[in-house]
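Engineer: coordinates only, sequence not included:
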């Protein structure tokens, strides 16, 4: 595993093709960001940080704190017509007061999937 930090945010690179970004957010006056704006911010973030796999979809949107605008969003995607199923979402984002504080992504290559499906015949 590799870990990079600037003292405010960190990036972990795992040997099994997983990346995880975390950031601290300055405590500010909490406000309520509507769920649709939270989804838009997460979509924009992923678009600018690795892009989207083909056939992605929003699996869940969970409000983590009733008093602060803090949400967890999980995204999945289909491969060869089937949803990829794992213990953790393929892409997971936590947003607090409009800022991304966590970004988890399992970077699955189509070649690796093709080999995995080919062996199960």
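Structural biologist: Thanks, I have it. Here the structure is a predicted model, which is why all the values come from computation and not from measurement.
Engineer: tell me the pLDDT at the most centrally placed residue in the chain?
Structural biologist: Using CA atoms, centre = their mean, the residue of the chain that lies closest to the mean C-alpha position is residue 92, 2.6 Å off. According to the model's per-residue confidence, residue 92 sits at a pLDDT of 94.
Engineer: just residue 62 next, same as before
Structural biologist: Here, the pLDDT recorded for residue 62 equals 95.
Engineer: check which helix or strand covers it.
Structural biologist: Per DSSP states H and E, residue 62 falls inside strand 56-65.
Engineer: go on, residue 46?
Structural biologist: Assigning secondary structure by DSSP H and E places residue 46 in helix 35-48.
Engineer: still on that earlier bit, make sure the residue nearest to the centre of the chain is actually in contact with residue 100.
Structural biologist: No - with contacts defined as CB atoms under 8 Å, residue 92 does not count as touching residue 100, sitting 11.0 Å away. For every residue, glycine as well, the C-beta is placed using N, CA and C.
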